[in-house]
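Engineer: missing the sequence, but the structure's below:
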C-alpha cells in the first residue's frame, strides 16, 4: 500500500533511523500494519552484539512508534512538510517476548486508542512469524515544528 518513497513523506526520519520499510494495511483513524526487514547490515549490529546480533529493544519500540506516526499523519491528512511532527512521549505496559535478529521480517501493528488535544494513544505490537516480539501502549504528541 505504501512503499518507502511514500513513507518518507510522512516520517521525518532518514537512514539509518527510518525503521519502516513498507505499509501493507492502513485504515485512517483505526489501524496500520507495516513491515521492517532486519538485515545483518544494520549499523547497530556492529556493537549489539558482534558475535550474537540482536536488534536493540529501544529500536523495536521506535519502529512501532514510527508505524503509529504514519497512521497519525495519514489520519490527520498532514505531513512533516506542513510543519507538524510527532514526538514519542511515553510507553506503558512495555513487554519484550523474543529477540529480533538478522533475517527477521518484523510486522509492526498499531491501533488508535484515543486522541485528545494532539496527544495520541496507540496499542502497538511487533511480531515475527506470528510470534510477538514486543508490545506496548504508547503516547505520541503532534506538535508544530
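Structural biologist: Here it is on my side, so go on. Please read all numbers here as calculations on a predicted model, not as lab measurements. Residues are numbered from 1 along each chain as shown.
Engineer: so in terms of bridging, what pairs with residue 34?
Structural biologist: With DSSP bridges applied, residue 34 shows beta-bridge pairing to residue 23, residue 108.
Engineer: ok, what's across the strand from residue 92?
Structural biologist: Residue 92 has these beta-bridge partners by DSSP bridges: residue 137.
Engineer: just checking, it touches residue 136?
Structural biologist: Yes: Residue 92 is in contact with residue 136 according to C-beta atoms under 8 Å; the separation is 6.8 Å. C-beta: built from backbone N, CA, C; applies to glycine.
Engineer: going along the chain, name the strands of this structure.
Structural biologist: Assigned by DSSP state E, the strands in the chain fall at 22-27, 31-37, 84-96, 105-116, 119-128, 131-144.
Engineer: centre of the chain to the second one, how far?
Structural biologist: Using C-alpha atoms, centre = their mean, to the nearest Å, we find the averaged C-alpha position of strand 31-37 to lie 7 Å away from the chain's own average C-alpha position.
Engineer: identify the residues contacting that strand?
Structural biologist: Around strand 31-37, the neighbours that count as contacts under C-beta atoms under 8 Å, 6 or more residues apart in numbering are 19-26, 63, 66-68, 70-71, 74, 105-112, 126.
Engineer: that one: which residues count as buried?
Structural biologist: 31-34, 36 (16 or more other C-beta atoms under 10 Å).
Engineer: got the contact list for residue 9?
Structural biologist: By C-beta under 8 Å, 6+ apart, residue 9 lies in contact with 79, 81.
Engineer: 10 Å - rerun?
Structural biologist: Counting by C-beta atoms under 10 Å, 6 or more residues apart in numbering, residue 9 touches 2, 70, 73-74, 79-81.
Engineer: top of the residues you listed by neighbour count?
Structural biologist: Tallying neighbours with other C-beta atoms under 10 Å puts residue 70 at the head of these, with 23 neighbours.
Engineer: show me which helix runs longest in the chain.
Structural biologist: If you go by DSSP state H, the chain has its longest helix at helix 57-76.
Engineer: next, the buried residues of that helix.
Structural biologist: Residues of helix 57-76 classed as buried: 59-76 (neighbour count, 16+ other C-beta under 10 Å).
Engineer: circling back to that earlier point, in CSV: the strands of the chain, plus mean pLDDT.
Structural biologist: What follows is the strands of the chain, written out as CSV (pLDDT from 0 to 100):
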stretch, mean pLDDT
strand 22-27, 98
strand 31-37, 98
strand 84-96, 96
strand 105-116, 98
strand 119-128, 98
strand 131-144, 96
